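J.: Curious how this folds, go ahead:
(one chain, ligands or ions: 1)
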Amino acid sequence: MLRTSSVKTVNLGLIGLGTVGSGVVKVLQKNSASIEKRTGIRLVLKRVAVRSLSKKRAVRVSRKLLTRHPEDILGDPSIDVVIELIGGIHPAREIIETALRNGKQVVTANKALLAEQGEPIFGLADRCRKKLGFEASVCGGIPIIKALKEGLASNQISHVLGIVNGTCNYILTGMSQEGISFGAALKAAQTQGYAEQNPHLDVDGIDSAHKLAILARLGFRSRVPFRKIHVEGIRSLSIIDIEYAKDLGYGVKLLAIGKDTSHGMELRVHPTMLPLDHPLSSVKGVYNAVFVHADQAGDLLFYGKGAGMFPTASAVLSDIVDIAKRIAGQADLKSPRPVKLADKKVLPIAEIVSKYYLRFQVEDKPGVLGTLARTLGKHHISILSVHQKESHDPRSVPVIILTYEAREKNILKALRTIHRDGVVQEKTVMVRVEQ
Ligand SMILES: NC(=O)c1ccc[n+]([C@@H]2O[C@H](COP(=O)([O-])OP(=O)(O)OC[C@H]3O[C@@H](n4cnc5c(N)ncnc54)[C@H](OP(=O)(O)O)[C@@H]3O)[C@@H](O)[C@H]2O)c1
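T.: Modelled structure (predicted):
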């Protein structure tokens, strides 16, 4: 047992008491005694800023701690660590920047802010020689940030493939296992509390792109211009293609894909077919996973709950304890020399090379398959396999073609030619395939 005199107090100011903020307070209430026993550090919640003082909360917090003014925390010299959990760009950015300028260490879960406007904030933290913890910004309870920053520090990382949005994974799991449409699966996710009433950021892939930007920055040690990430969501996926993919031995996932190649970085978020025996295919429901290929450590898979009150609070607390140990002198508080980041080129989506699943809706008549194969061949696309599905309507029969690796711009040119020549009756479905 540590003697009381050896206990160091670290004062916390929390801004935001919603899902994650309430989780942080609950974890502090439950576990701060055991944290103190293990580390000799007493974490004291000094102030909590919210928008509404009268709102019913998921956690009991003394009324005396609450304020409507974040400045009460930012300007309080006794507060060591500011925890920003309000989300969004403004005023979160101003809050974090003021905290850093006022000499506070900062912890945030704000992936949107770090992905879209992270560089000036990281730069300010470096100049102020302050820590900016952001473990909770990607994949909630999975300690992926620490793994990339520290555990894999000696590696060159070439691939980061992630199922980083639990809402989409829940919807796609429902479509695949229950054979229901996107709309029905989304409704189920909303009823279960796994999707917002406005699910735009999740189902349109933006949230996954935010996380990819943060992972790629750390993994590939390069600045990542967020607007250069290619983003497609899952709204237009049909149950037909999910069923056909299954017949062919593939599952469909919304993947955040980062690859560091000799030509530049591939950064893309889109529905992706994966072989059913790929480690990411077994990730179901709201779970997240990140697959990393590192040159020394090899293939790694990180798996866990990517969101929710307690998994995310766990990540926030990991940063708080880490920083508190430094404040207590158990580790060096000064930031090491800022990591020098490169400005690697981001490859346009047209330049990526991938395998493809193509579903053509064609008339069931002689010569159609030959025309499709010839046009693909003319555009340097080799066919891996062809599958014709049964249809009650001979005027519209699905033909599935899996290709070998091809350049995306060639695929797009071939599809344009096929449409122009009137070979197909509807827009061809194209899904990229990863091995
Ligand atoms: N929810 C998750 O599972 C999860 C997972 C990973 C990361 N994150 C990230 O964590 C952050 C917080 O998410 P959340 O889900 O906890 O959000 P939330 O439930 O909407 O809570 C936001 C909180 O911020 C407070 N707030 C908003 N604007 C404020 C202002 N100007 N001044 C003071 N307080 C303000 C709100 O106060 P009132 O309560 O008074 O309205 C509320 O308590 C976001 O960056 C999010 O992306 C969330």
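J.: Just the terminal-to-terminal distance for stretch 280-294.
T.: 17 Å (Cα to Cα, to the nearest Å).
J.: for it, which positions count as buried?
T.: Within stretch 280-294, the residues scored as buried using 16 or more other Cβ atoms under 10 Å are 280-281, 283, 285-294. (Each C-beta comes from the backbone N, C-alpha and C, glycine too.)
J.: Contact residues of the stretch 51-200 of the chain facing the ligand?
T.: Proximity of the stretch 51-200 of the chain to the ligand is confined to 51-52, 55, 70, 85-87, 91, 109-111, 136, 140 under the rule Cβ under 6 Å from any ligand atom.
J.: circling back: which members of the buried residues of stretch 280-294 are positioned in strands?
T.: 287-294 (DSSP state E).
J.: Just the closest of these to V203, please.
T.: Distances from those to V203 were compared by Cβ to Cβ; the smallest belongs to N288, at 15.7 Å.
J.: can you count the residues close to the closest residue to the closest one other than its chain neighbours?
T.: Leaving out its chain neighbours, the residue that sits closest to N288 by Cβ to Cβ, 6 or more residues apart in numbering is G306, at 3.0 Å. G306 has 27 neighbours, counted by other Cβ atoms under 10 Å.
J.: Tell me the spacing between G306 and the ligand.
T.: Shown here: G306 relative to the ligand, a distance of 7 Å by Cβ to the nearest ligand atom, to the nearest Å.
J.: who's in contact with that residue?
T.: The neighbourhood of G306, defined by Cβ atoms under 8 Å, 6 or more residues apart in numbering, consists of 139-142, 164-166, 286-288.
J.: As JSON lines, those residues with pLDDT would be great.
T.: As requested, these are arranged in JSON lines below (pLDDT from 0 to 100):
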{"residue": "C139", "pLDDT": "98"}
{"residue": "G140", "pLDDT": "94"}
{"residue": "G141", "pLDDT": "96"}
{"residue": "I142", "pLDDT": "98"}
{"residue": "V164", "pLDDT": "98"}
{"residue": "N165", "pLDDT": "98"}
{"residue": "G166", "pLDDT": "98"}
{"residue": "V286", "pLDDT": "97"}
{"residue": "Y287", "pLDDT": "98"}
{"residue": "N288", "pLDDT": "98"}
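J.: May I have the strands that pair with the helix or strand hosting L402, each with its orientation?
T.: When secondary structure is defined using DSSP states H and E, the element that contains L402 is strand 397-403. Take DSSP bridges as the rule and strand 397-403 pairs in its sheet with strand 353-362 (antiparallel), strand 383-388 (antiparallel).
J.: just to revisit the earlier point, which of the contacts of G306 sit farthest apart?
T.: Checking the contacts of G306 against each other with Cβ to Cβ, the farthest-apart pair comes out as G141 and N165, at 14.7 Å.
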